[in-house]
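In: Here is my input, please return the structure:
(2 chains)
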Amino acid sequence: MTDITEKTAFRAGAGAAPAPAPAPATRRHRGWRGLTPWLFLIAPLGLLITFTYAPIANMVAYSFTDWDGVSPELHYTGVGNYTELFTRKDLFQVFFVSGYYLAASAFQIAAALYFATILSFDVRFRNFFKGVLFFPYLINGVAIGFVFLYFFQDGGTLDSVLSLFGVHVDHAWLGTPVSANTSLAGVSVWRYMGVNFVLFLGAIQSIPGELYEAAELDGASRWHQFRYIIAPGIKPVVTLTVILSISGSLSAFEIPYIMTGGATGTETFVIQTLNLAFRFNKTGLASAAAIVLLLIILLVTWVQRRLVPDDKVDLV
Amino acid sequence: MNRRHILAMVVGAALLVPGCTGTGGSSKGADAKAADDPSKVTGTIKVLTVRTDLVQDGTMKKYAAQFNKTYPKVKVEFEALTNYEAEVKIRMNTENYGDVLLIPAVIKKDDYPKFFASLGTQEERSKKYRFTDFTAVDGKVYGQSPVGVSPGFVYNKRVWKEAGVTDWPTTPAQFLQDLKAIKARTDAIPYYTNFSAGWTLTSWTYVNGSVHCDPKATDKLAAGDPWAQGADLRVGDTLLYDTVKSGLIEKDPTTSNWEESKPRTAKGEIATQWLGTWAIVQFRDAAKKAGVNPDDIGFMPYPAQVDGTFCAVVSPDYNQAVNVHSAHKEAARAWIDWFTDKSTYAKDNLAISPLKNAPLPEVMKPYEDAGVKFIEVDDSKGAQVKNIDNQSEIGIYAPEYRQNLVDLARGARKGDLDGFLADLSKRWTEARKTAGS
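Out: Got it, this is the predicted structure:
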């Protein structure tokens, strides 16, 4: 790269007037070369700043005011919003709902790992099953919400499927807080397992094939292969998935918002924040809540990284 | 200079810039005067509306064509917003929110002069129009609703008759008894909550005023406790609670479906729903589409009588207003005046006219026959009520608290009615102390 540019510069210089001073040309080119990456970065940086950092900065600013979201007037209230947030226990109770999603994501990771391991071996219809497992993630979350609303309806898909097997339950799936949250968490497992699955599968397939061969020669069973080759090999990806699952559980939103709107004890922290901002016009308080959620997720990630440090994987 | 420093500076600068946004319009107090000569009014105006259906099927264009007969030089464009409240709220941070729009609920009344141009003084307008106090700030009116609505029960006459009920119930207890008769004698669901849609439950707030036939009911919300013994909201909420508790509602409210509920009511699968006069036309259309008799759809007032007469509260729908930043205020004003006074909009929707001297629509004939008294609840304290409501996060104009009430009644939530309402009272009274400022 460097070579070519210099040669081009030289040729261009030679072709022009006799003896152009080489020193300024080089400096000019060095200046351009320093600038080139920035020129490429203008677009992504511009987008990143406009659509990510500027709104976050705005939100931080709003969190110290009593802005209602539309009024031209807003007053600085200091840390008032944060004090309110931490002194009202009803605002934090909604985190209990995240427990359902947390439990569900533990199940989800286990299931994804199971399927990824099985499908990494030579199984019939492998690609078909891969597609089946990943497919739900490609569907729009809103559509999923509506589909499952019919699914859980009285006499809906779930009830009719169960009755095919002779099970006749007269159960309102979204009727009680426990049942509703479990159902919603189930939907989220259905939706997001595909992503975990693909991540795991990719990691497993990056493990060199000779290792399995060698293990087989040594008489290792499938379980041993998993325990001593796959599990340590994909540890970093598992760590990443756990972090994503925890932050995802804390900020669960789409599915409960569309399916129940937070009714019957399914309100999550994000739904509550949204209601504060757009229903009760407490944009300042809601901004503070959003920032607190961000800090909590950063904290959880940090603690988790401290407990499970990211070791370099060395299989060989 | 190190690259990292440059990056840090760029990001830092970007963080500082937006620190003081969010303060859009600051111009205050403009008037949208009515033109003397319609042929001289010019300009292209954009009208924001919630009626996506009417924009799509061309009905609004037909109104515009009618309008152009009087105002030939005004071009009217429509923009229908599906999620009106949320979208318009964000747009109102700029100056570009149409020329004519519906006043969203989020705007504080005191802020009306900053966003809308005045349509005239209340003193002068109230001679001709209903609902002027709903948008009046310091004696000036900022909006006008093209229709009036009244809350009540949409019911299937045939089903009620089959159950042996011919007269409208006059007390909540009698209403419950009638629903029980429907449950016993017909296959219909006596009462449909529409729990899932949520906003349908919000209608229960509009029992305010009907219960005691009190035009000052809103003042009482602002000054007192809406869930005290005998207060309007408590009476309404208790009726809803008892209806749910007695098992007179749909089997699984959490998966109820609003769009389906319309043809089902028309066909007689659902007997009753608490909605408003605005719903009648939709249910009749649903009946026509389902191939059943639209005249089966009936409408009755809240079951309470004062001195032997029922009471129906008439209140405005969304109020139309002129954007204070509009470049064609005269044209925008002309549209509002024409739409309110001359258009067939109210008639087409079987709605109550906003004009004081207009007769009642034909669907309200049973009301006239029964001698139902129409009242308007004074809304001068409406802004304060909204303030208290937001401050307390109860949301009397939002679905959550009624959904919780229904959950409580059907045993999906722990607690009893008295405790639940006492908690609301406590939050309301506490918020009232701080929301005055």
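In: distance of A:Thr266 from B:Arg413?
Out: 12 Å (C-beta to C-beta, to the nearest Å). Quick note: C-beta positions are derived from backbone N, CA and C, even for glycine.
In: Compare neighbour counts for those two and give me the winner.
Out: A:Thr266 (25 against 17; other C-beta atoms under 10 Å in any protein chain shown).
In: Local confidence estimate at A:Arg33?
Out: Note on A:Arg33: pLDDT of 81.
In: Burial check on it, number of neighbours?
Out: 12.
In: for B:Trp274, what are its contacts?
Out: Shown in contact with B:Trp274 (C-beta atoms under 8 Å, 6 or more residues apart in numbering or on different chains): B:151-153, B:191, B:203-204, B:240.
In: So which of those wins on neighbours?
Out: Most crowded among the contacts of B:Trp274, counting by other C-beta under 10 Å, is B:Gly152 at 28 neighbours.
In: thinking again about what came up before, okay, and the common contacts of A:Thr266 and B:Arg413?
Out: A:Pro177.
In: on that earlier part again, secondary structure and distance to B:Thr255 added to the contacts of B:Trp274, as CSV?
Out: Shown next, in CSV, are these (DSSP: H, G, I helix; E, B strand; the rest coil; distance: C-beta to C-beta, whole Å):
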residue, secondary structure, distance to B:Thr255
B:Pro151, strand, 25
B:Gly152, strand, 26
B:Phe153, strand, 23
B:Tyr191, strand, 17
B:Ser203, helix, 20
B:Trp204, helix, 20
B:Leu240, helix, 19
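In: Those into TSV, with extra columns for pLDDT and distance to B:Ile249?
Out: Formatted as TSV, the contacts of B:Trp274 follow (pLDDT from 0 to 100; distance: C-beta to C-beta, whole Å):
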residue	pLDDT	distance to B:Ile249
B:Pro151	93	19
B:Gly152	94	18
B:Phe153	95	14
B:Tyr191	96	5
B:Ser203	91	15
B:Trp204	94	13
B:Leu240	96	9
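In: Specify which member of these is nearest to A:Gln153.
Out: Among the contacts of B:Trp274, B:Tyr191 lies closest to A:Gln153 (C-beta to C-beta), at 19.0 Å.
In: Could you double-check that that closest one sits in contact with B:Ser246?
Out: No. If you go by C-beta atoms under 8 Å, B:Tyr191 and B:Ser246 don't touch, sitting 9.6 Å apart.
In: I'd like to know how many residues surround B:Glu362.
Out: Neighbours of B:Glu362 (other C-beta under 10 Å): 9.
In: list the contacts for the residue nearest to it when sequence neighbours are not counted?
Out: Closest residue to B:Glu362 apart from its sequence neighbours, by C-beta to C-beta, 6 or more residues apart in numbering or on different chains: B:Leu350 at 7.5 Å. Counting by C-beta under 8 Å, 6+ apart, B:Leu350 makes contact with B:277, B:280-281, B:284, B:361-363.
In: what's near enough to touch the closest residue to B:Leu119 other than its chain neighbours?
Out: Nearest-residue entry for B:Leu119: B:Val141, 5.1 Å, with adjacent residues in sequence omitted and distances by C-beta to C-beta, 6+ apart. Taking C-beta under 8 Å, 6+ apart, we find B:Val141 in contact with B:118-122, B:125, B:132, B:135.
In: Also B:Tyr192?
Out: Contacts of B:Tyr192 by C-beta under 8 Å, 6+ apart are B:249-250, B:256, B:261, B:264-265, B:270, B:272-273.
In: Are any of those residues buried, and if so which?
Out: Applying 16 or more other C-beta atoms under 10 Å in any protein chain shown to these, the neighbour count classes B:249-250, B:256, B:261, B:264-265, B:270, B:272-273 as buried.
In: Which members of these occur in helices, if any?
Out: B:261, B:264-265 (DSSP state H).
In: hmm, the helix ranked longest in chain B touching chain A?
Out: Secondary structure of chain B per DSSP H: the longest helix is helix B:417-435. No. Counting by C-beta under 8 Å from any C-beta of the partner chain, no contacts exist between helix B:417-435 and chain A, the nearest distance being 10.1 Å.
In: Now that helix: average pLDDT?
Out: Here the average pLDDT along helix B:417-435 is 91.
In: what ranges do the helices span in the stretch 201-350 of chain B?
Out: For the stretch 201-350 of chain B, the helices defined by DSSP state H, counting those that start in this stretch cover B:217-223, B:232-245, B:258-267, B:278-290, B:329-341, B:345-348.
In: So which of those is nearest chain A?
Out: Closest to chain A of the helices of the stretch 201-350 of chain B, according to C-beta to the nearest C-beta: helix B:258-267, at 10.3 Å.
In: what does the stretch 301-437 of chain B put close to chain A?
Out: B:389-391, B:393, B:395, B:398-400, B:403-404, B:407, B:410, B:412-413.
In: Give me every residue in the stretch 151-300 of chain B lying close to chain A.
Out: Going by C-beta under 8 Å from any C-beta, the residues of the stretch 151-300 of chain B near chain A are B:195-196, B:198, B:251-252, B:254-255.
In: ok, so what distance separates the spatially most central residue of chain A from A:Ser206?
Out: Geometric centre of chain A, nearest residue: A:Leu244, 5.1 Å, by C-alpha atoms, centre = their mean. Per C-beta to C-beta, A:Leu244 is found 19 Å from A:Ser206.
In: What is the neighbour count of B:Gly98?
Out: 23.
In: Could you measure from it over to B:Gln56?
Out: From B:Gly98 to B:Gln56 the distance is 18 Å (C-beta to C-beta).
In: Also A:Thr36?
Out: From A:Thr36 to B:Gln56 the distance is 51 Å (C-beta to C-beta).
In: The stretch 151-300 of chain A against chain B: which residues are in contact?
Out: Checking the stretch 151-300 of chain A against chain B by C-beta under 8 Å from any C-beta, the hits are A:152-154, A:156, A:172-177, A:180, A:260-265, A:275-276, A:278-282.
In: repeat that with 10 Å
Out: With C-beta under 10 Å from any C-beta of the partner chain as the criterion, the stretch 151-300 of chain A comes near chain B at residues A:151-156, A:170-180, A:183, A:259-267, A:272, A:274-276, A:278-283, A:285.
In: Just the buried ones among the residues you listed, please.
Out: A:151-154, A:156, A:171-177, A:179-180, A:183, A:259-267, A:272, A:274-276, A:278-283, A:285.
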